[in-house]
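[1] Using only what follows, build the 3D model:
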Amino acid sequence: MSSPTKRSDSGIPVGRLLIILSVFAIPGLIYLGVFRIAGRVKIVDIPIVGEWQAPDKTWRIVFRPDKTLVSSTSPSQPSASQAWTSGAGTYSVDYFGTLWVKLNNGKIYSAALTEENPNRFDLIEFDTLVPTVFEKVPPSESKPPDSPKESPG
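    Predicted coordinates:
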């Protein structure tokens, strides 16, 4: 009969070593993965609020701070082909800089906002993939009327 093997007191047991390494290795790998993904993602923050005009069409969109919008054609009566662009709707901008526009009539549009052209975007209709270029309308510089000057005398 063989005698039981005696455990040596020198060295660290393999089980403990694996537990200690996994405590440091798993969070380290998670950190490296998150750091790598975060380096690829660019959060785009383009101010969209305001009035935008399609230069080649009579289509205007006003984006409001409360995530609603008003889309309209020229002040005159829109033609039948442009009637679908008039109305209200909502919009949102995701973390990647994609503008999503949904009109109340069900039409959905998207546009990629870029830092290189913050005053321009191509709004693409989701169903037909037809783009429409929009440019930001500069705010009007309304000066207060001159106050009447008192005549000396």
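
[2] State the mean pLDDT of stretch 126-139.
    Per-residue pLDDT over stretch 126-139 has a mean of 90.

[3] what's it in contact with?
    Around stretch 126-139, the neighbours that count as contacts under C-beta atoms under 8 Å, 6 or more residues apart in numbering are 50-57, 59-61, 107-111, 118-125. C-beta coordinates here come from the backbone N, C-alpha and C atoms, glycine included.

[4] Just the CA atoms of it, as CSV, please.
    Output of stretch 126-139 as CSV, limited to C-alpha atoms (Å, rounded to 0.1, in the frame of the first residue of the first chain):
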residue,chain,number,x,y,z
PHE,A,126,-36.0,56.7,-46.4
ASP,A,127,-38.3,55.1,-49.0
THR,A,128,-36.9,56.5,-52.3
LEU,A,129,-33.4,57.4,-51.2
VAL,A,130,-33.7,60.7,-53.0
PRO,A,131,-31.5,63.4,-51.4
THR,A,132,-32.3,67.0,-50.9
VAL,A,133,-29.6,69.5,-49.9
PHE,A,134,-30.4,71.8,-47.1
GLU,A,135,-28.4,74.8,-45.9
LYS,A,136,-28.7,76.8,-42.7
VAL,A,137,-30.4,80.1,-43.1
PRO,A,138,-28.3,82.8,-41.3
PRO,A,139,-30.3,84.5,-38.5
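
[5] now the contacts of stretch 126-139: which count as buried?
    Taking 16 or more other C-beta atoms under 10 Å as the criterion, what is buried in these is 52-54, 59-61, 107, 109-111, 121, 123-124.

[6] so how far is the helix or strand containing residue 32 from its chain's centroid?
    For residue 32, the host element (DSSP states H and E) is helix 14-40. Chain-centre distance of helix 14-40: 32 Å, with C-alpha atoms, centre = their mean, to the nearest Å.

[7] dump the residue contacts of residue 47.
    Residue 47 makes contact with residue 118, according to C-beta under 8 Å, 6+ apart.

[8] Is it in a helix, a strand, or coil?
    Assigned by DSSP: H, G, I helix; E, B strand; the rest coil, the conformation of residue 47 is coil.

[9] That concludes my questions; thank you for your assistance.
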